[in-house]
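# Provided below are the primary sequence and the corresponding predicted coordinates.
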Amino acid sequence: MARIAASILSADFSRLAEQIAASEAGGADWIHVDVMDGHFVPNITVGPLVVAAARRATKLPLDVHLMIEKPERYLSQFVTAGADWLTVHQEACPHLHRTVQQIRELGARPGVALNPATPVETLMDILPFVDLVLVMTVNPGFGGQSFIPDSLSKVNRLARRLAEGRLAGIEIEVDGGIDPDTAPAAVAAGATVLVAGSAVFSHGSIPDNVRALRRSLAVEV
């Protein structure tokens, strides 16, 4: 069964610990933190202090997505703050192999993310060195966007490539527009981790929203 990573980008930050606990009570597997710098993407969000606050609020794995330029400058700060998974963008890292090595040496599990327009084939040489590939299913920068259906073919190509290369232990994460309607198709295409923000935090009962997302995964597509 795919894991659900609750994205706190859509949470109420005045009640962050409470809402993280609510998502955990509903069965979330990871907590996802989107870090944006206003340069690589057109938004500014949070930094290591919020990751540290999330770490104090839960023992779930913290999945930190760095949508920032020159992420290598901040890797140690995010790992010290409590990141278990640290994902950088292929498009932001001219020395991607070195950055991935740094993440692992710091004690976190490295991931690489791709924007919607970036072909998955650009990652072929780095795949043996990462633990996760994040396929963006919206253009990064803001929560609440609509899922890009064409992203599913990229997820499927990646899943086939991992199977062919006997790299099946690598997680395939999808982020953007994930809700009970889109989640089943993402998993059918090969996703193993679903990042959900608005679908979890933006309406109604947070635990019930997580459970609804989980129930949707039992639906055949």
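Cool, the structure landed.
# and the longest helix along the chain, what's its mean pLDDT?
Secondary structure of the chain per DSSP state H: the longest helix is helix 151-164. Averaging pLDDT along helix 151-164 yields 95.
# likewise stretch 64-71?
97.
# return the set of buried residues in stretch 146-157.
Buried residues in stretch 146-157, counted by 16 or more other CB atoms under 10 Å: 147-148, 151-152, 154-157. C-beta: built from backbone N, CA, C; applies to glycine.
# of those residues, which is the nearest to Val210?
Lowest distance from Val210 to the buried residues of stretch 146-157 (CB to CB) belongs to Phe147, with 18.2 Å.
# that closest one touches Thr137, doesn't it?
Yes. Contact criterion CB atoms under 8 Å: Phe147 and Thr137 qualify, at 5.3 Å.
# contact partners for the nearest residue to Thr182 once chain neighbours are set aside?
Counting by CB to CB, 6 or more residues apart in numbering, Phe147 is the residue found nearest to Thr182 once chain neighbours are left out, at 4.5 Å. By CB atoms under 8 Å, 6 or more residues apart in numbering, the contact list for Phe147 reads 137-138, 176-179, 182.
# can you tell me which one of those residues sits lowest on pLDDT?
On pLDDT alone, Val138 ranks lowest of the contacts of Phe147, at 87.
# alpha carbons of stretch 42-55, as CSV, please.
Output of stretch 42-55 as CSV, limited to C-alpha atoms (Å, rounded to 0.1, in the frame of the first residue of the first chain):
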residue,chain,number,x,y,z
PRO,A,42,7.6,32.0,-7.0
ASN,A,43,6.8,31.6,-3.3
ILE,A,44,8.5,31.8,0.1
THR,A,45,7.5,29.3,2.8
VAL,A,46,9.5,27.9,5.7
GLY,A,47,13.0,27.0,6.8
PRO,A,48,14.8,24.8,9.4
LEU,A,49,13.0,26.3,12.4
VAL,A,50,9.6,25.0,11.1
VAL,A,51,11.2,21.6,10.4
ALA,A,52,12.5,21.6,14.0
ALA,A,53,9.0,22.5,15.2
ALA,A,54,7.5,19.6,13.2
ARG,A,55,10.1,17.3,14.6
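# show residues contacting that stretch.
Contacts of stretch 42-55 (CB under 8 Å, 6+ apart): 8-9, 13, 16-17, 20, 31, 33-38, 62, 64, 74, 77-78, 80-83, 141-142.
# what touches both of Phe147 and Thr137?
Residues touching both Phe147 and Thr137 (CB under 8 Å, 6+ apart) are 176-178, 182.
# in TSV, list the residues you listed along with distance to Glu164 and secondary structure.
As requested, the shared contacts of Phe147 and Thr137 are exported to TSV (distance: CB to CB, whole Å; DSSP: H, G, I helix; E, B strand; the rest coil):
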residue	distance to Glu164	secondary structure
Gly176	26	coil
Gly177	28	coil
Ile178	26	coil
Thr182	26	coil
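# closest to Val193 among the residues you listed?
Nearest to Val193, judged by CB to CB, of the shared contacts of Phe147 and Thr137 is Ile178 at 10.0 Å.
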